[in-house]
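Chemist: predicted model follows, preceded by the sequence.
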Amino acid sequence: MMKVRKTKMIPSMSNDNDLTHHILPNSATMVGVCIMVISIVKGMPPDVVNYFIDKALAIDCVLFMASALFSFLSIRLEKTTLGLERWAEVIFIFGLVSMTIIAVIFSFEIV
C-alpha cells in the first residue's frame with residue numbers, strides 16, 4: 001500500500017502576489033459591468049429607484065476601480081506590498097457585496 005505524505009499548507013509571505021493577479025482583471029471586469037448596468041438604467045423611465053441604483057452603481061464602480069488600482073500597485077512595486085494587496089481584497093469584497101445588494105433591490109424592486 002502506498003503511503004501518502006501529508007503536508008501543511010503554510011501561506012507564503014513572499015511577494016508573489018497570487019491573489020492580486022486575480023483581483024486586478026476581475027475588478028476591471030466589474031467596472032465594465034457597472035458601466036453597462038448604469039447605461040441600462042439610464043435607458044429606463046426615470047424614477048426614484050433608478051436614480052438610487054444609478055448612483056449606487058457609480059459608487060460601486062469607483063470601489064472596483066480603487067481595488068484594481070491597489071492590485072496594480074501591489075504587482076508593480078518592488079517592496080513588500082501585502083498591505084496594498086489586503087486593501088485591494090477588502091475593497092473588492094465590499095464592492096461585490098454592495099453590487100449584490102443593488103442587484104437584489106433592482107430585481108425585486110424593494111425600494
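Modeler: Looks like it came in fine.
Chemist: which strands and helices sit next to the longest helix belonging to the chain?
Modeler: For the chain, the helix with the greatest residue count under DSSP state H is helix 48-76. Where contact means 3 or more Cβ pairs under 8 Å, 6 or more residues apart in numbering; DSSP states H and E, helix 48-76 is packed against helix 18-42, helix 82-108. Every residue, glycine included, has its C-beta placed from N, CA and C.
Chemist: as JSON lines, the ones you listed with mean neighbour count, distance to residue 63 and mean pLDDT would be great.
Modeler: Formatted as JSON lines, the helices and strands packed on helix 48-76 follow (neighbours: other Cβ atoms under 10 Å; distance: least, Cβ to Cβ, whole Å; pLDDT from 0 to 100):
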{"stretch": "helix 18-42", "mean neighbour count": "16", "distance to residue 63": "9", "mean pLDDT": "89"}
{"stretch": "helix 82-108", "mean neighbour count": "16", "distance to residue 63": "4", "mean pLDDT": "90"}
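Chemist: okay, the ones you listed in CSV with distance to residue 69 next?
Modeler: As requested, those are exported to CSV (distance: least, Cβ to Cβ, whole Å):
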stretch, distance to residue 69
helix 18-42, 9
helix 82-108, 8
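Chemist: quick one, which of those gets closest to residue 49.
Modeler: Each of the helices and strands packed on helix 48-76 was scored for nearness to residue 49 using Cβ to Cβ, and the closest is helix 82-108 (7.4 Å).
Chemist: what angle sits between that closest one and helix 18-42?
Modeler: 30 degrees (axes from the mean of the first three to the mean of the last three Cα atoms, to 10 degrees).
Chemist: now do helix 82-108 against helix 48-76, angle only.
Modeler: 160 degrees.
Chemist: and the residue nearest the centre of the chain, what does it touch?
Modeler: When the chain is reduced to its mean C-alpha position, the closest residue under Cα atoms, centre = their mean turns out to be residue 92, at 2.9 Å. Listed by Cβ atoms under 8 Å, 6 or more residues apart in numbering, the contact set of residue 92 reads 23, 26-27, 63-64, 67, 71.
Chemist: swap in 7 Å and give it another go.
Modeler: 23, 27, 67 (Cβ atoms under 7 Å, 6 or more residues apart in numbering).
Chemist: try residue 20
Modeler: 71, 74-75, 85, 88 are the contacts of residue 20 under Cβ under 7 Å, 6+ apart.
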